[in-house]
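> what follows is a protein structure lacking sequence information:
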Ligand code: NAD
């Protein structure tokens, strides 16, 4: 199968061992597996073997979970925000204690290498810290009134039940971005995780249930419902779900967005990306190469922020291609549970087929494969490991404009910065972007309004690996949502504008008179 020079790591655990490891890690997080036993087989992308047998939820289960969360809302709404913050503080402590357990589950169900899986749990801990501070900073503004003896101000109130739908590739962090913030904002959460990663979800929720119990708060403030898209639909359509936060493909967002809008619910969409780095003629090519390789090949190309395009200046493009190609040929692909591996498996056969099809289309469009391109023979017939792939393209053809969720990096060249920015912006998605340059004017032009049209615009750093302190999300087909830091919390609350009249008179705004 493979003709690769990539370093292969074939030492994968057998099916029984993998299942035992998954069960042990889930139980260590406090999950009672027998309470969730059922006949839906959950498979690990490491070998394709079954690691869980769980019961999926019915539409009636979703309705009941939303109902219980909705009933728990009024008391939680009246709980002071800093007290809600204490709950999230406890969740962060439990996540810290169980970082290795949850990290192992992330590796087993999503295929991430250990370091990235632990990084995902660290991100959960970070957002808990952030949300605890936020619980004392849900500020509203006061505004000057045009009328004497009047005060204008805004207050922020809890919104109601937040529904979370998450993707396989950040199987727990996306839930925590939403949940830590929703909880301090006073909102219960009902979560439908990816059908690929149910154990991670149940284990993370078990930790939250423990924090709720220790905080004397209702267990109904957090629910998990398991299953595929149809189960998600029940959450989408329930009018008691005040905010639906959905992370996944643009295809999913296209279905979900209009349905929530039709019932006048709020929706927060975090969808697909097609992220580029511009490499200017002055770029430090050592730093640039490291930045590209982590962002493009890390997580086996399965991040929404994965770098999928390099747009390099004509003076440096050959050098960039040579350096990135050389780094790619040395990347250790294989068992993500062992130290040293940098590239784990693709999540499924469908993902592998997408990888193969995109390479074919790229070749038909005149692309030249510089490195990679093949399947790597580890993990057995039901596991899909591939070589991270670099393809030099003559133009930004259809395949380059499409998000293929696999480690394929297309390299294009440009002559002047306007052209590079036009290429960066010339795709339907608008999540992340970066420029590598030592020319300050170039960097400033890229981050200016007429520069990158993405939600994330970086300089001398790759497109992936965002910190929780900033608002995360993107434009165009990425959905427009913002999560995590900055003022993203406002999506989880409702704003009331208050006018307080202490004048004893009743002057009307805009000078209107209405004497009775
Ligand atoms: P996916 O769209 O197949 O599934 C995502 C989630 O949506 C799953 O829980 C799935 O069951 C659910 N779902 C699918 N169709 C649905 C429907 N009609 N109604 C309700 N729920 C539905 O995505 P995936 O393969 O799990 O993840 C990869 C995709 O997610 C990529 O496109 C990636 O870019 C995107 N993603 C985006 C972000 C971001 O923050 N922008 C983060 C992670 C992943």
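That came through fine. Since the model is a prediction, treat every value here as computed from it, not as a measurement.
> where does the residue lying closest to residue 303 once chain neighbours are set aside sit: helix, strand or coil?
Of all residues not flanking residue 303 in the chain, residue 464 sits nearest, at 5.0 Å (CB to CB, 6 or more residues apart in numbering). For glycine as for every other residue, the C-beta is placed from the backbone atoms N, C-alpha and C. Residue 464 falls in the coil class when you classify it by DSSP: H, G, I helix; E, B strand; the rest coil.
> equivalent analysis for the one 3 residues further on, please.
Classification of residue 467 using three-state DSSP returns coil.
> residue 170 versus that one, what's the distance?
With distances taken as CB to CB, to the nearest Å, residue 467 is found 14 Å from residue 170.
> more neighbours: these two, which one.
residue 170 (25 against 11; other CB atoms under 10 Å).
> in space, what's closest to the more buried one - neighbours in sequence excluded?
residue 120 (6.4 Å).
> show me where the stretch 51-200 of the chain has its strands.
142-143, 150-158, 161-165, 189-192 (DSSP state E, counting those that start in this stretch).
> identify whichever of those strands lies nearest to residue 393.
strand 161-165 (33.5 Å; CB to CB).
> so residue 182 touches residue 189, yeah?
Yes - between residue 182 and residue 189 there is a contact at 5.2 Å, judged by CB atoms under 8 Å.
> and the protein, which residues reach the ligand?
Proximity of the chain to the ligand (CB under 6 Å from any ligand atom) is limited to residues 165-170, 192, 194-195, 228-229, 232-233, 236, 247-249, 252, 255-256, 270-273, 304, 403, 405, 431, 478.
> can you list contacts of stretch 223-234?
36, 40, 54-59, 61-63, 65-66, 68-69, 165, 188-193, 195, 198, 201-202, 205, 235, 246, 252, 255-256, 259 (CB atoms under 8 Å, 6 or more residues apart in numbering).
> centre of the chain to it, how far?
In terms of CA atoms, centre = their mean, to the nearest Å, the gap separating the centre of stretch 223-234 from the centre of its chain is 18 Å.
> same question for stretch 133-143.
Worked out by CA atoms, centre = their mean, stretch 133-143 lies 26 Å from the chain centre.
> end to end, how far does that stretch reach?
With CA to CA, to the nearest Å as the measure, stretch 133-143 spans 25 Å from end to end.
> check stretch 480-498 too.
Stretch 480-498: ends 28 Å apart by CA to CA.
> and if you look at stretch 459-469?
17 Å.
> quick check: mean pLDDT of it?
The pLDDT scores in stretch 459-469 average 96.
> again, but for stretch 342-354
So the average pLDDT for stretch 342-354 ends up being 98.
> can you find the helix or strand of the protein with the lowest average pLDDT?
Across the helices and strands of the chain, mean confidence by mean pLDDT, DSSP states H and E is lowest for strand 8-9: a mean of 60.
> how far does the helix or strand that it is followed by sit from its chain's centre?
Next along the chain after strand 8-9, taking DSSP states H and E as the criterion, comes helix 15-28. Distance of helix 15-28 from the chain centroid (CA atoms, centre = their mean) equals 25 Å.
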